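1. The sequence and its predicted three-dimensional model are supplied below.
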Amino acid sequence: MEFKQCKAIVTGAASGLGLAVTQRIIAAGGTVVMLDLDHERCADELILLGERAHFIATDVTSESGVDTALIKAHELMGEIRLVVNCAGIAPSRRVLARDGLISNAEFQQVIDINLNGSFNVCRAVVNLMQNNNPAGKDEERGLLINTASIAAFEGQIGQAAYAASKGGIASMTLPLAREFARLGIRVMTIAPGIFETPMFDQLPQEAREALAANTPYPKRLGQPDEFAALVQHIVENPMLNGSTIRLDGALRMGQK
Ligand SMILES: NC(=O)c1ccc[n+]([C@@H]2O[C@H](COP(=O)([O-])OP(=O)(O)OC[C@H]3O[C@@H](n4cnc5c(N)ncnc54)[C@H](O)[C@@H]3O)[C@@H](O)[C@H]2O)c1
């Protein structure tokens, strides 16, 4: 699929990885409808991004909210060819925490936003994408890219909910790709290591340095545009389908 001038939905687009993907698509002449909770930050970014960036305040966990936002986005752009799901949260909490036992509600909230939220957007968008005209020699109609984490494979202590949510995203990649293959719609997942985004703003400098030192090569945190560069490659390479790509400088997380 052509990356240039593509028409995309990016969730979690107000910050971090989602913002970097939005910036890269806009720089390539594309159009993006940004979905995020964060109105203020989005309003600031919209001014910088220019007229091909639009924002619709959306909670990805709301079925009716996502349906409405995608219908609006479809009207705005005429079609949706690409979805990049970056909305997510990464709380860390032990089951047997010092301040008490974790509640099911805390576990459920992470699953709701990270896993159900990603599925919710895929579900609604594929319903619109199936009507796109087939494009290019492979007659492609669209592409869904979800964001997991290396915690899907080596979650640390305190990451039971986060790891489960990201494992779910990795696991649904193949069945979705198999189901949508007849429509010419691909599904891929990126599992990042540690990237320098506002998600880790609260992390002390010492902890950041330790994480960077644990990364075999390059010995640093990932930059959001390196994530966006992989998104671009996946868009342009039609053989990438139904799998999860680690983007982590060979980092393998320890127990804690
Ligand atoms: N930064 C990393 O090192 C890293 C590593 C592995 C995976 N990830 C994953 O990448 C994704 C993006 O992370 P990031 O680092 O850019 O984080 P970030 O905190 O900078 O951005 C996440 C965005 O998601 C939005 N969001 C949260 N809940 C939402 C909801 N219910 N509906 C709509 N939007 C919502 C937030 O408002 C925010 O703008 C997340 O899924 C995260 O788990 C990040």
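-> Sure thing, it's come through. Numbering: from 1, shown residues only.
2. How about the residues of this protein by the ligand?
-> 11-12, 14-18, 36-38, 58-61, 86-90, 113-114, 117, 147, 149, 192, 194-195, 197-199 (CB under 6 Å from any ligand atom). Heads up, the C-betas are built off the backbone N, CA and C, glycines and all.
3. Which members of the residues you listed are classed as buried?
-> Buried members of the residues of the chain next to the ligand, scored by 16 or more other CB atoms under 10 Å, are 11-12, 14-18, 36-38, 58-61, 86-88, 90, 113-114, 117, 147, 149, 192, 194-195, 197, 199.
4. Quick check: residue 8 touching residue 25?
-> Yes. With contact defined as CB atoms under 8 Å, residue 8 counts as touching residue 25 (5.3 Å).
5. joint contacts of those two?
-> 31, 32, 82 (CB atoms under 8 Å, 6 or more residues apart in numbering).
6. May I ask you to name the longest strand in this structure?
-> strand 185-192 (DSSP state E).
7. and that one, how far from the chain's centre?
-> Remark: strand 185-192 is offset 9 Å from the chain centroid, using CA atoms, centre = their mean, to the nearest Å.
8. cool, and stretch 100-115?
-> 19 Å.
9. Straight-line length of it, end to end?
-> 25 Å (CA to CA, to the nearest Å).
10. let's have the chain start at 12 instead
-> In the new count, where the first residue is 12, that last one comes out as stretch 111-126.
11. That stretch - what's its average pLDDT?
-> What stretch 111-126 shows for mean pLDDT is 97.
12. helices and strands around the longest strand of the chain, which ones?
-> helix 128-140, strand 153-158, helix 171-191, helix 235-247, strand 255-258 (3 or more CB pairs under 8 Å, 6 or more residues apart in numbering; DSSP states H and E).
13. Return the most buried member of the ones you listed.
-> strand 153-158 (a mean of 26; mean count of other CB atoms under 10 Å).
14. tell me the angle that strand makes with strand 196-203.
-> 20 degrees (axes from the mean of the first three to the mean of the last three CA atoms, to 10 degrees).
15. Show the average pLDDT along the longest strand of the chain.
-> The model assigns strand 196-203 a mean pLDDT of 98.
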